[in-house]
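Undergrad: Sequence and predicted structure are below.
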Amino acid sequence: MGAVYDHQGDFNNAIQYYLKCVSIAEQNKGSDAIKLIGILSNIGLIYKKYGDLPTAINYYNHCLELQEKLFGKGSI
């Protein structure tokens with residue numbers, strides 16, 4: 001749903017749905033860690049698209065941290 005709202009230009013609803021996905025993925029810890037990286041990246045893309053670069057960078061950094069935890073520092 002987040003992607004649909006983003007495509008329609010509805011920033012607020014897109015972020016709201018992606019954040020719900022983050023909450024669900026974080027509850028499932030290990031099994032959804034890869035999905036969580038994708039969700040956080042999508043949130044970063046939305047913030048970038050709408051000009052909030054500091055927030056986008058925060059989400060991208062979180063993605064990087066998770067990916068390094070899962071696959072090691074050389075995985076990027």
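TA: Happy to help now that I have it. Residues are numbered from 1 along each chain as shown.

Undergrad: Every contact and neighbour count from this point should use C-alpha atoms.
TA: Noted.

Undergrad: Give me the neighbour count for the nearest residue to D6 once chain neighbours are set aside.
TA: Residue nearest to D6 in three dimensions, not counting chain neighbours: A14, with 5.2 Å by C-alpha to C-alpha, 6 or more residues apart in numbering. Neighbour count of A14, defined by other C-alpha atoms under 10 Å: 21.

Undergrad: swap in L70?
TA: What L70 shows, counting by other C-alpha under 10 Å, is a neighbour count of 13.

Undergrad: what separates it from D32, distance-wise?
TA: Relative to D32, L70 is positioned 11 Å away (C-alpha to C-alpha, to the nearest Å).

Undergrad: quick one: low-confidence ranges for the protein?
TA: Residue ranges of the chain with pLDDT under 70: 29-31, 75-76.

Undergrad: center of it, which residue is that?
TA: L40 (1.0 Å; C-alpha atoms, centre = their mean).

Undergrad: Can you mark which positions in the helix ranked longest in the chain are buried?
TA: In terms of residue count, the longest helix belonging to the chain (DSSP state H) is helix 53-71. Neighbour counts using 16 or more other C-alpha atoms under 10 Å place 55-57, 59-60, 62-64, 66-67 of helix 53-71 among the buried residues.

Undergrad: Output those as CSV; include the columns distance to Y18.
TA: Converted to CSV, the buried residues of helix 53-71 look like this (distance: C-alpha to C-alpha, whole Å):
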residue, distance to Y18
T55, 14
A56, 14
I57, 16
Y59, 12
Y60, 14
H62, 15
C63, 14
L64, 18
L66, 17
Q67, 19
